[in-house]
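Chemist: Here is my input; please provide its structure:
(one chain, ligands or ions: 1)
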Amino acid sequence: MGSIPGNAAVLFNGKDLSNWRTRGGDPAGWDVTDGVITVTGGAGGDIVTDQKFADFVLHLEWMEPDMPEATGQGKGNSGVFLQGRYEVQVLDSYGIEVPGKGDCGAIYDQFAPLVNACKPPLEWQTYDIAFRGACLNDSGEVMNQARVTVVQNDIVIHNNIEMLGVTGGAMDEEVGEPGPILLQDHGNLIKYRNIWILPLPLKGSDVY
Ligand code: MG
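Modeler: The predicted model follows:
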């Protein structure tokens, strides 16, 4: 998925964060320089798209800072929350032989990535994420939780898994409703660029 599909929505235009807000609805305060967003702690925290999405394919690129003294959850932590509810972890997990449920690529505290696909800090990495929202019946009961396939740096790290529910730090638990894309401010200077989303129809036609 190197090029942007013509019907995709560009979530970051390379210039400003005009279509992003803080969780509280204030203007997003992260730094934008030369087409790159940098998570800047203390400037309003997490940022959230104005638009909400049901099913979609999301592409984004990020770069870890070099933090050789840091460890664990303090080493280049950020995250991509799908529908504002499900965190795909962003962390410097380069070189970890068996990544766990808190490491980069994990569905946070639910599913570890199948393999460690991480590049070293200071190299650009990609996520291509196919997401299907939770399905509810007419009574509002969850029939199927949200499903996700995650490709990191062209390597499949989650293969159509079903979430256990929302992850910690979710904006709400209104699964079945559309939700925004949220980028997490965990106080580390992660960089993001080239963020686009392709909304998907909920189903195809019945025509044979
Ligand atoms: Mg995180």
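Chemist: okay but Gly168 is in contact with Asp109, surely?
Modeler: Yes. Counting by Cβ atoms under 8 Å, Asp109 is a contact partner of Gly168 at 6.2 Å. For the C-beta atoms, the positions are set from N, CA and C on the backbone; glycine is no exception.
Chemist: out of these two, which sits in the more crowded spot?
Modeler: Asp109 (14 against 8; other Cβ atoms under 10 Å).
Chemist: who's in contact with the more buried one?
Modeler: For Asp109, the contact set (Cβ atoms under 8 Å, 6 or more residues apart in numbering) comprises 101-102, 167-168.
Chemist: Shouldn't it be within a helix?
Modeler: No. Asp109 is assigned coil when assessed by DSSP: H, G, I helix; E, B strand; the rest coil, not a helix.
Chemist: End to end on stretch 170-179, go ahead and measure it.
Modeler: Distance between the boundary residues of stretch 170-179 (Cα to Cα, to the nearest Å) amounts to 11 Å.
Chemist: May I see the buried residues of that stretch?
Modeler: Within stretch 170-179, the residues scored as buried using 16 or more other Cβ atoms under 10 Å are 170-171, 175-176, 179.
Chemist: got TSV for those residues, with pLDDT, distance to Phe56 and secondary structure too?
Modeler: TSV is the format used below for the buried residues of stretch 170-179 (pLDDT from 0 to 100; distance: Cβ to Cβ, whole Å; DSSP: H, G, I helix; E, B strand; the rest coil):
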residue	pLDDT	distance to Phe56	secondary structure
Ala170	98	17	coil
Met171	98	16	coil
Val175	97	15	coil
Gly176	93	15	coil
Gly179	98	10	strand
